[in-house]
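Visitor: What shape does this take:
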Amino acid sequence: MKPTLNRRSFLRRAGAAGVGAIAVPYFAPGRALGQGDKDPANERLTMGFIGVGGMGGGHLGGLAGRRDVEVLAVCDVDEERRNAAKARVGDQCAAYNDYRELLDRDDIDSVVIATPDHWHALTTILACEAGKDVYCEKPLSLTIEEALKMIEAVRRYGRVFQTGSQQRSGGEFQQAVSLVRSGRIGKVHTIHVGIGGGPTSGWEPDTDPPPGLDWDMWLGPAPWVPYNKLRCHYNFRWFYDYSGGILTDWGHHHNDIAQWGLDMDGSGPVKIEGWGKFPTDGLYDTVNAFEITCTYADGTKLVTASTGHGVKFDGPDGWVHVDRGFLETFPAELKDEELGPGDVRLLSGRGHHDNWLDCIKTRERPICDIEIGASSVIVCHLENIAIRTGRSLEWDPGSHRFVNDEGANRWISKPCRAPWHL
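Guide: Coordinates of the predicted model:
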């Protein structure tokens, strides 16, 4: 399908003035999220949601109540979640099991994708082909190849894409990176990223899927296996068929801030080495203890470990340590210093959703554009590949290939189960 832009959408997008954010309840019991005070119909951004459990439900609560948004459809392969989301929005909201039906609608301008990770690439690419702007949850992709193909689709069809790495819109992270990139601790030589360890599981027997869950569609491009409750919904994160474990879950958040602090959004490390330990019992198969060192061309090292939490930038003149709701520096007074005219100022004062919606209206690139999301998730994939192959790897960020290692290069992509394909 070619991109479409109806008259209402054109008029809305042609206007450069954005509508300011308004504080709304996360979910107001007793009234549908899609009702209440709204901007005139021809000034609202029409939206569909693909995946409405977990993070998808959170995004629905944060966006459906806005004056400038009209939610027209939700999609989920779990009937219970799908129907609950529709009920939250109201009668004007359609509900689909197959995301392609939602994307076929010409009256929907934008989509929020919060599926399991192995679905991100396919849904994003088809959404771009259908002319929709996209907010897609992190981690951006299941593989490096998928990330590159997602960039290609977003650019080819001229879409506005926001990666769900919301820490970039957090004041403490913006302040930390502003200090680092303004040279307040000197040239960074090491970044320590702590993301905690991955979980382990026991054993559960395979069963029939629960009523209303389209298990074959949930699997989609992933290999077919019988339904098991430990695989589905939130737990998909701990299987390499659907995700990359803690390294792409929390790793995407904190490695994203590390890359931002290094001003490396358009590049990446050149050497990756480390160790990892994997579960020896239970169903989960992603790494649960690790330490991986990524080295950049200028010698800067990024150390990602299963101990500690947050992002700590070390330089010759001090350090900056940041996590959610936390900012600490050495010297201690550094965190309270005012940024001057010559400093890098990254304090936007806008939320992650606000930034995406503003950019839909102006056609600018959001704070966590597709190329930024791809660059950050590629670091996580490189770390996973290094510990899964068990050897030191050299990486060319320009060609997106491992140097003189065709064995490692086979990990860049992954086949899809028929009939799905990129």
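Visitor: hang on, residue 162 in a strand?
Guide: Yes. Counting by DSSP: H, G, I helix; E, B strand; the rest coil, residue 162 is part of a strand.
Visitor: Helix, strand or coil: sort out the residue nearest to the spatial centre of the chain for me.
Guide: Centroid-nearest residue in the chain: residue 138, 1.7 Å away (criterion: C-alpha atoms, centre = their mean). Following three-state DSSP, the label given to residue 138 is coil.
Visitor: ok, it - contacts?
Guide: By C-beta atoms under 8 Å, 6 or more residues apart in numbering, the contact set of residue 138 is 163, 164, 165, 252, 253, 256, 373, 376, 377. Glycine gets a C-beta too; all of them are placed from N, C-alpha and C.
Visitor: Do I have it right that the third one meets residue 376?
Guide: Yes. The pair residue 165 / residue 376 is scored as a contact, 6.6 Å apart, by C-beta atoms under 8 Å.
Visitor: Need the residues touching each of those two.
Guide: 138, 252, 256.
Visitor: Can you lay out the residues you listed as TSV showing pLDDT and distance to residue 381?
Guide: Shown next, in TSV, are the shared contacts of residue 165 and residue 376 (pLDDT from 0 to 100; distance: C-beta to C-beta, whole Å):
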residue	pLDDT	distance to residue 381
138	98	13
252	98	10
256	98	13
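Visitor: What segments of the protein are helices?
Guide: Using DSSP state H, the helices of the chain run over residues 7-14, 55-63, 79-89, 99-103, 120-129, 144-156, 171-181, 215-219, 246-261, 352-362, 370-389, 406-409.
Visitor: Run the chain-centre distance for the fourth one.
Guide: Read it as helix 99-103. Computed by C-alpha atoms, centre = their mean, to the nearest Å, the chain-centroid distance of helix 99-103 equals 21 Å.
Visitor: now do the fifth one
Guide: Remark: helix 120-129 is offset 14 Å from the chain centroid, using C-alpha atoms, centre = their mean.
Visitor: please renumber so the chain begins at 703
Guide: Done: numbering now begins at 703, and the last item shifts to helix 822-831.
Visitor: Going by contacts, tell me the helices and strands next to it.
Guide: On a contact count with 3 or more C-beta pairs under 8 Å, 6 or more residues apart in numbering; DSSP states H and E, helix 822-831 meets helix 801-805, strand 812-815, strand 835-838, helix 846-858.
Visitor: of all these, which lies closest to residue 773?
Guide: For those, the distance to residue 773 is smallest for strand 812-815, at 9.2 Å, taking C-beta to C-beta.
Visitor: Dump that closest one to CSV, keeping only the CA atoms.
Guide: Coordinates of each C-alpha in strand 812-815 appear next as CSV, following Å, rounded to 0.1, in the frame of the first residue of the first chain:
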residue,chain,number,x,y,z
SER,A,812,-0.4,7.2,13.3
VAL,A,813,0.1,4.0,15.3
VAL,A,814,1.6,3.0,18.6
ILE,A,815,3.4,-0.4,18.5
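Visitor: any chance of the shared contacts of residue 867 and residue 1078 in TSV, with distance to residue 1040 too?
Guide: As requested, these are exported to TSV (distance: C-beta to C-beta, whole Å):
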residue	distance to residue 1040
840	32
954	31
958	26
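Visitor: and which of those is nearest to residue 912?
Guide: Nearest member of those to residue 912, counting by C-beta to C-beta, is residue 840, at 27.4 Å.
Visitor: quick one: low-confidence parts of this protein?
Guide: 703-739 (pLDDT under 70).
Visitor: how is it carved up into domains?
Guide: Following automatic domain parsing, the chain resolves into domains at 709-870, 872-1049+1073-1111.
Visitor: which one of these has the most crowded surroundings?
Guide: domain 709-870 (a mean of 20; mean count of other C-beta atoms under 10 Å).
Visitor: now for the helices of the chain, which one comes closest to residue 1120?
Guide: Closest to residue 1120 of the helices of the chain, according to C-beta to C-beta: helix 917-921, at 12.0 Å.
Visitor: helices or strands up against the closest one?
Guide: Secondary elements touching helix 917-921 (3+ C-beta pairs under 8 Å, 6+ apart): none.
Visitor: How about residues contacting it?
Guide: With C-beta under 8 Å, 6+ apart as the contact definition, helix 917-921 has outside contacts at 779, 780, 799, 800, 818, 911, 926, 927, 929, 934, 1119.
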